[in-house]
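> Sequence below, structure please.
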Amino acid sequence: MPDPSSEVSKAASMSIMFLGVIILGMMGLFIKIMFNFARREREFDKSSSAPQS
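Got it, this is the predicted structure:
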């Protein structure tokens, strides 16, 4: 029978890893959205300043 302290530490490390993965995923998603927004704004400025054919 495993001692409860190792079980608790294992669960804690697992939850910390899970939280880290979630935070990393959210940060990646946020960065991707910001890049897409910046690129869209740049393209919009280019198309609006370019002469309409």
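> and I23, what helix or strand is that in?
helix 4-49 (DSSP states H and E).
> and stretch 19-31, average pLDDT?
On average, the pLDDT along stretch 19-31 is 97.
> and A11, how far is that from F18?
Between A11 and F18 the computed distance is 10 Å (CB to CB, to the nearest Å). C-beta: built from backbone N, CA, C; applies to glycine.
> again, but for F35
Here F35 is placed at a distance of 26 Å from F18 (CB to CB).
> for M26, same thing?
From M26 over to F18 (counting by CB to CB), the distance is 13 Å.
> Same check on R40?
33 Å.
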